[in-house]
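1. Coordinates for the following, if possible.
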Amino acid sequence: MGAYLRIGALTDDEAGPLPTVVDGKSLEGMEISTWRTAAGDIDVLHYLRDDLGERLRYDDLTVRSLVIEVVGIDVQLAGLRDIVASKRFAGRDKDREALPELERLLAQDPS
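-> Numbers count the residues shown, from 1 in each chain. Now for the predicted structure:
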């Protein structure tokens, strides 16, 4: 999928050609990373935080997660409520900008 690490200080033309290995070992060394792919950007996080800033355990997240199939591979995604809580806690401009749409989707979620 042509993945490369998105680096804030670099343009796509600068970051794209940098040598990058996408494997478990390299991902393990990054708490948070954003990858640009042919299918769009993807954030990889080791954990999410709740509204109070507490780290959510993997077991806490999996019971509320969603599994979707992407090109024949099952991908487990954090639940929308957990994503919204994490964005509320983070409080960055881009997170605050995303919240109205995410909260609208959350209001439509029957679960």
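2. From Asp50, how far off is Gln108?
-> 22 Å (CB to CB, to the nearest Å). All C-beta spots, glycine's among them, are computed from the backbone N, C-alpha and C.
3. cool, Glu28 as well?
-> Per CB to CB, Glu28 is found 23 Å from Asp50.
4. Have a look at those two and say which one is more surrounded.
-> More crowded of Glu28 and Asp50, by other CB atoms under 10 Å: Asp50, with 15 against 9.
5. tell me the contacts of the residue positioned nearest the centre of the chain?
-> Taking CA atoms, centre = their mean, the centroid of the chain lies closest to Asp43, which sits 3.4 Å from it. Contact analysis of Asp43 by CB atoms under 8 Å, 6 or more residues apart in numbering lists Ile32, Ser33, Thr34, Trp35.
6. I'd like those laid out as CSV, including secondary structure.
-> Compiled in CSV, the contacts of Asp43 are given as follows (DSSP: H, G, I helix; E, B strand; the rest coil):
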residue, secondary structure
Ile32, strand
Ser33, strand
Thr34, strand
Trp35, strand
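7. Could you point out which of the residues you listed is nearest to Leu10?
-> Leu10 lies nearest to Thr34 out of the contacts of Asp43, by CB to CB, at 12.0 Å.
8. so that closest one bridges to which residues?
-> When bridges are taken as DSSP bridges, the partners of Thr34 come out as Asp43.
9. That one contacts Gly40, correct?
-> No: contact criterion CB atoms under 8 Å: Thr34 and Gly40 do not qualify, at 10.8 Å.
10. Okay, helices next: where are they in the chain?
-> 12-15, 24-28, 58-62, 80-90, 93-108 (DSSP state H).
11. ok, Thr34 and Gly40, which is more surrounded?
-> Thr34 (14 against 8).
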